[in-house]
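Novice: need coordinates for the following:
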Amino acid sequence: MFRYFKKSDPIPVVLEGKAQKGFYKKLKWQVFISATLGYGLYYVCRLSLNVVKKPIVDSGLLTESQLGIIGSALFFSYAVGKLTNGFLADHSNIKRFMSVGLLVSAIANLIMGFTSSFLFFAICWGINGWVQSMGAPSCIVSLSRWYTDKERGSFYGFWSTSHNIGEALTYILTAVVASYFGWEWGFRSAALIGLFGAMIISIFFHDSPESKGLPPVNEDFRKEKISTWKEQKGVLKNPYVWILAFSSAFMYISRYAVNSWGPYYFETAKGYSLTEANTLVAISAVCGILGTAASGFVSDKFFKGRRNKPTLIFGLMNVIALCLFLLGPKNIWWLDTISMVIFGLGIGALICYLGGLMAVDIASKKASGAALGIVGIMSYLAAGIQDIASGYLIENNKTIVNGETIYNFDAISIFWISSAVISLLLGLLTWKKT
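Specialist: A predicted model of the protein is given here:
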């Protein structure tokens with residue numbers, strides 16, 4: 001798994017001239033489309049639990065605190081896996097790496113649809129988190145191997161829409177299935193979609209240009225004097241990578257606050273139905289596609305490849321959206337819709353910038369996986385802490401009056417909004433470098 005070739009692999013035929021250019025273009029588009037679609041389906045297998053939290057609580061199977069612990073099991077294992085698998089992806093056959101990860105994730109979801117044990121839920125979801133961390137590094141390494149510096153930002157932005165594609169599918173398709181057939185089928189449907197994604201990746205995703213008889217795209221891959229391990233050590237010593245990692249971490253708190261607990265909040269705080277609540281969160285996912293797709297292109301085209309100014313703009317949008325979402329009045333559909341539109345646009349771009357692109361920009365292309373791994377471990381450790389803290393704050397700030405459960409979301413509002421503000425301020429510290 002961690003070699004470009006096995007000894008038994010056939011030697012690639014080296015093409016020249018127009019044939020080489022045409023072959024390269026064809027494979028490059030196959031890599032991009034399969035990476036985008038494949039990682040989107042990774043997300044379906046990752047977010048399935050978020051859709052069925054309320055039905056599971058209503059059934060009496062698990063409490064909010066238990067769901068928070070289960071959710072954090074994915075985030076913590078994902079965080080550690082993001083670092084280790086990020087480093088491994090720089091050395092691996094990313095086609096095999098990515099397809100195996102989604103296959104195991106689909107199997108974990110399938111098992112979740114046939115169990116009711118808290119311990120087994122946590123174990124399966126923790127395993128799911130580990131294999132989920134094999135997806136993003138594979139995709140980022142593929143962008144470094146197949147795309148030049150001038151085009152990477154735009155394609156990174158377009159690829160990042162995979163997050164939103166997966167979120168939209170989850171909050172619409174999986175929610176509808178769970179509404180009609182029960183929470184178990186929320187997991188089972190996600191598993192079937194994941195199996196389809198693993199097949200797409202195994203057919204159309206490709207390891208590197210060299211594996212197909214094509215020359216390396218970037219100069220960093222032509223350098224033989226500096227090893228990949230040395231380039232990765234340089235990334236570990238770069239203070240700006242760590243600042244970006246912490247900025248991303250606080251952004252991920254606000255991101256997964258809405259993704260993980262947004263449907264629950266809309267149902268309990270604002271009185272929407274399961275389908276209505278998930279539709280609102282799906283709106284943010286759909287709008288996130290626009291924000292993410294435009295992010296790389298906007299910074300490349302209008303800011304000459306600099307990410308600092310657009311990061312500030314979208315960071316402010318994130319703060320404003322959370323204020324509308326949490327502090328706005330109840331039962332005003334159009335206002336909640338606007339908050340989710342702004343949130344989706346803002347967080348979609350920030351996922352691209354803070355979640356990886358800015359760190360990859362300032363790192364060696366031979367260590368893209370390592371840069372993403374550092375950002376990833378900090379981001380998902382924060383997301384895991386958020387899930388535990390949010391579940392605890394929600395459960396311990398509710399009271400039962402005359403048989404009716406009353407929720408107080410003041411503490412949650414402070415936690416989520418302040419995280420978005422801190423992320424914004426930390427991002428400003430890298431202004432001159434990014």
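
Novice: show me the shaky parts of the chain.
Specialist: Across the chain, the ranges flagged by pLDDT under 70 are 1-20, 149, 152, 217-226, 365, 434.

Novice: now with 50?
Specialist: 1-15 (pLDDT under 50).

Novice: can you name the next helix or strand after the helix or strand hosting residue 163?
Specialist: Per DSSP states H and E, residue 163 falls inside helix 161-169. Heading C-terminal from helix 161-169, the first helix or strand you meet, by DSSP H and E, is helix 175-181.

Novice: list the buried residues for that following helix?
Specialist: Residues of helix 175-181 classed as buried: 175, 176, 177, 178, 179 (neighbour count, 16 or more other Cβ atoms under 10 Å). Every C-beta, even on glycine, is put in place using the N, C-alpha and C of the backbone.

Novice: got the angle between the following helix or strand past that helix and helix 161-169?
Specialist: Next in sequence after helix 175-181, counting helices and strands by DSSP H and E, comes helix 183-204. Per axes from the mean of the first three to the mean of the last three Cα atoms, to 10 degrees, the angle that helix 183-204 makes with helix 161-169 is 150 degrees.

Novice: quick one: the strands in the protein?
Specialist: Along the chain, counting by DSSP state E, strands occupy 398-401, 404-407.

Novice: tell me which of these sits nearest to residue 283.
Specialist: Evaluated over those, closeness to residue 283 peaks at strand 404-407, with 22.6 Å, by Cβ to Cβ.

Novice: in TSV: the buried residues of helix 175-181, plus distance to residue 248.
Specialist: TSV is the format used below for the buried residues of helix 175-181 (distance: Cβ to Cβ, whole Å):
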residue	distance to residue 248
175	28
176	32
177	32
178	30
179	33
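
Novice: looking at those residues, which is nearest residue 277?
Specialist: Closest approach to residue 277 among the buried residues of helix 175-181 (Cβ to Cβ): residue 175, at 8.6 Å.

Novice: for the closest one, which non-adjacent residue is closest in space?
Specialist: Closest residue to residue 175 apart from its sequence neighbours, by Cβ to Cβ, 6 or more residues apart in numbering: residue 278 at 4.0 Å.

Novice: pretty sure that neighbour contacts residue 171?
Specialist: Yes. Judged on Cβ atoms under 8 Å, residue 278 makes contact with residue 171 at a distance of 4.5 Å.

Novice: and for the two, which residues touch both?
Specialist: Residues within reach of residue 278 and of residue 171 at once, by Cβ atoms under 8 Å, 6 or more residues apart in numbering, are 51, 263.

Novice: residue 284 versus the spatially most central residue of the chain, what's the distance?
Specialist: For the chain, the residue nearest the mean C-alpha position is residue 163 (5.4 Å; Cα atoms, centre = their mean). Separation of residue 163 from residue 284 (Cβ to Cβ, to the nearest Å) stands at 11 Å.

Novice: what's the distance between residue 236 and residue 203?
Specialist: Separation of residue 236 from residue 203 (Cβ to Cβ) stands at 35 Å.

Novice: could you do residue 71 as well?
Specialist: Counting by Cβ to Cβ - residue 71 and residue 203 are separated by 32 Å.
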